[in-house]
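Q: All I have is the shape, not the residue letters:
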């Protein structure tokens, strides 16, 4: 399974951004998918998760109410819509796939920089 994340960039606080992750190989529609991020000097942290069917989602408390994860199994994509961005959201964002249990496949990351 290969994952390609895109959509990062430089934005101002309060702006919105949408990240997208395209999957190839494997059986995307059967995988749970997630977004993670790693800020400079910090450990990678969980951001959002979506079940294979798209009917169940979960979010880190720090992004709840501002970020929305969604997926399109027909297009093999998972998106992360980020609203009201804050400087503390600055990080490299990674998408990941979990065929069974733990996340086994990771994308290369896309950088999001939020200026104050």
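A: Sure thing, it's come through. On a predicted model such as this, the values are computed, not experimentally measured, just so you know. Numbering: from 1, shown residues only.

Q: Need the distance between the two termini of stretch 66-75.
A: 24 Å (CA to CA, to the nearest Å).

Q: mean confidence score for it?
A: In this model, stretch 66-75 carries a mean pLDDT of 97.

Q: So for stretch 86-100, what gets flagged as buried?
A: 89, 90, 91, 92, 93, 94, 95, 96, 97, 98, 99 (16 or more other CB atoms under 10 Å). Every residue, glycine included, has its C-beta placed from N, CA and C.

Q: And stretch 25-43, by the same measure?
A: In stretch 25-43, counting by 16+ other CB under 10 Å, buried: 26, 28, 31, 32, 33, 34, 35, 36, 37.

Q: Tell me which residues are up against that stretch.
A: 1-2, 19, 21, 23, 44-52, 69, 71, 73, 76, 78, 80, 88-99, 103, 105, 109, 112 (CB atoms under 8 Å, 6 or more residues apart in numbering).

Q: Could you measure from the residue positioned nearest the centre of the chain over to residue 24?
A: In the chain, the C-alpha nearest the mean C-alpha coordinate belongs to residue 35, at 2.9 Å (CA atoms, centre = their mean). Per CB to CB, to the nearest Å, residue 35 is found 18 Å from residue 24.

Q: How about residue 56?
A: 24 Å.

Q: hmm, back to that, so how far is residue 116 from the residue nearest to the centre of the chain?
A: Applying CB to CB to residue 35 and residue 116 gives a distance of 23 Å.

Q: And residue 17, by the same measure?
A: Look at residue 17 and residue 116: by CB to CB, they are 16 Å apart.

Q: do the same with residue 36
A: 23 Å.

Q: List the ones among the contacts of stretch 25-43 that fall in helices.
A: Using DSSP state H, no member of the contacts of stretch 25-43 falls within helices.

Q: and these, which of them are in strands?
A: 2, 19, 21, 23, 45-50, 69, 71, 78, 80, 91-98, 105, 112 (DSSP state E).

Q: Run me through the strand neighbours of the helix or strand hosting the residue nearest to the centre of the chain, direction for each.
A: Using DSSP states H and E, residue 35 maps to strand 32-38. According to DSSP bridges, strand 32-38 forms sheet pairs with strand 45-50 (antiparallel), strand 91-98 (antiparallel).
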